[in-house]
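Student: make a model of this:
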Amino acid sequence: MTDKSKLAQLKEMTTVVADTGDFDAIAQYSPEDATTNPSLLLKAAQMPAYRSLVDGVIQSVSSGKMSSDEQLSACMDRLAVGFGEKILETIPGRVSTEVDARLSFDKDGSIAKARQLIELYEQAGIGKERVLIKMASTWEGIKAAEQLEKEGINCNLTLLFNFTQAVAAADAGAYLISPFVGRILDWYKANTDLSDYAPADDPGVQSVTGIYNYYKQQGYNTVVMGASFRNTDEITELAGCDRLTISPQLLQALDDDYGVLERKLDPANTGKKIHYQLGGEAAFRYELNDDPMVTEKLSGGIRAFVADQIKLETWLRDIQ
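Tutor: Coordinates of the predicted model:
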């Protein structure tokens, strides 16, 4: 036992990010940054505490019934930025705001949407240095991030499940990647004979560990932010990672635990040299296709985000 919770100890070696759209939860755990996505926005927007924010956004884009897809798109953008603006009032760092997942295979569309979101933030008096634009780690998303980074718009490449995506993102100069730990574990539990893994053997933990070590060996500046955790063991096995984005429930569990937290990832101790050479677009697509886990999880993640985006749009229409 120690006089500091595991959450407090974790903050000494890793930047802790809140994975929620709930302002109150963010304020409670004092993270550096916060991330949002369509699923989190759908949940937060329907909370009574935030109805006034939703109503204000709707009124700002429509004088009556929402009558066009263009109005609805503008409303969705303003809602995402509205939540981002409120979140930034409670954290010192950055908020991640996601591009419409239906643009996951549209490089130019993703770039245009990112610019629109940044413009809305700037209209609200928030500089782009406090925002990360989230996009799926498809070839098109990575290439969109490459262009946006050149414009000074920092990007968070999400739905990242394997080494190929991670290297392509770093080569593109992405500011940050979000490898999904828990979803990798979910796939292995569902598709192999093993249903239980020791924390160090968790395939999601091993994936992020390999990516982190390779980045440090190669001198990449891209930030590694583990995401999508299923339990606190996954988090503690990645203690020392650049950043970890954690749900309020797991933040609370860490805050209640006063055991000793050992640093597991360290740029000064990355183990055996990792050798890898990324090819071009064809090689990227082949390597993803050759990995059934990433193929299923990337496509499924995009579909899930799109479904929640559509649910939120439908809900906004219905409350008019």
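
Student: from here on, just use CA atoms for contacts and neighbour counts.
Tutor: OK.

Student: name the helix or strand for the spatially closest residue to residue 124 that is not a sequence neighbour, please.
Tutor: Distances taken as CA to CA, 6 or more residues apart in numbering place residue 85 nearest to residue 124, at 7.7 Å, with adjacent residues excluded. In this structure, residue 85 sits in helix 69-88 according to DSSP states H and E.

Student: name the next helix or strand downstream of that helix, please.
Tutor: strand 95-98.

Student: tell me the strands beside that following strand, with direction?
Tutor: With DSSP bridges as the test, strand 95-98 is paired with strand 33-35 (parallel), strand 131-136 (parallel).

Student: any chance of the ones you listed in JSON lines, with distance to residue 95 too?
Tutor: Shown next, in JSON lines, are the strands paired with strand 95-98 (distance: least, CA to CA, whole Å):
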{"stretch": "strand 33-35", "distance to residue 95": "5"}
{"stretch": "strand 131-136", "distance to residue 95": "5"}
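
Student: tell me which of the ones you listed sits nearest to residue 220.
Tutor: Residue 220 sits nearest to strand 131-136 of all the strands paired with strand 95-98, at 18.2 Å, using CA to CA.

Student: distance from the very next helix or strand once past the closest one to the middle of the chain?
Tutor: Beyond strand 131-136 on the C-terminal side, the first helix or strand identified by DSSP H and E is helix 139-150. Offset of helix 139-150 from its chain centre (CA atoms, centre = their mean, to the nearest Å): 16 Å.

Student: buried residues in helix 139-150, which are they?
Tutor: 139, 140, 141, 142, 143, 144, 145, 146, 147, 148, 149 (16 or more other CA atoms under 10 Å).

Student: tell me what that helix is packed against?
Tutor: For helix 139-150, the packing partners by 3 or more CA pairs under 8 Å, 6 or more residues apart in numbering; DSSP states H and E come out as helix 107-123, strand 131-136, strand 155-160, helix 281-289.

Student: could you export these as CSV, including mean pLDDT, distance to residue 301 and mean neighbour count?
Tutor: Formatted as CSV, the helices and strands packed on helix 139-150 follow (pLDDT from 0 to 100; distance: least, CA to CA, whole Å; neighbours: other CA atoms under 10 Å):
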stretch, mean pLDDT, distance to residue 301, mean neighbour count
helix 107-123, 97, 17, 18
strand 131-136, 98, 9, 28
strand 155-160, 98, 7, 27
helix 281-289, 97, 14, 14
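
Student: and those as CSV, adding distance to residue 201?
Tutor: Output for the helices and strands packed on helix 139-150, formatted as CSV (distance: least, CA to CA, whole Å):
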stretch, distance to residue 201
helix 107-123, 36
strand 131-136, 26
strand 155-160, 19
helix 281-289, 22
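
Student: mind checking which of these is nearest residue 205?
Tutor: Set against residue 205 and scored by CA to CA, those come closest in strand 155-160, at 13.1 Å.

Student: and the next helix or strand past that closest one?
Tutor: As assigned by DSSP H and E, the chain's next helix or strand after strand 155-160 is helix 163-171.

Student: after that next one, next one along is what?
Tutor: Next along from helix 163-171, by DSSP H and E: strand 176-179.

Student: who touches that following strand?
Tutor: Contacts with strand 176-179, where a contact means CA atoms under 8 Å, 6 or more residues apart in numbering, come from 155-162, 166, 169, 208, 222-227.

Student: mind redoing it with 6 Å?
Tutor: 156, 157, 158, 160, 161, 222, 223, 224, 225, 226, 227 (CA atoms under 6 Å, 6 or more residues apart in numbering).

Student: same question, stretch 25-42
Tutor: Outside stretch 25-42, the residues touching it (CA under 6 Å, 6+ apart) are 16-21, 90-98, 305, 308-309, 312.

Student: residue 263 - that's part of a strand, no?
Tutor: No. Assigned with DSSP: H, G, I helix; E, B strand; the rest coil, residue 263 falls outside any strand and is coil.

Student: list the contacts of it.
Tutor: Contacts of residue 263 by CA under 6 Å, 6+ apart are 239, 240.
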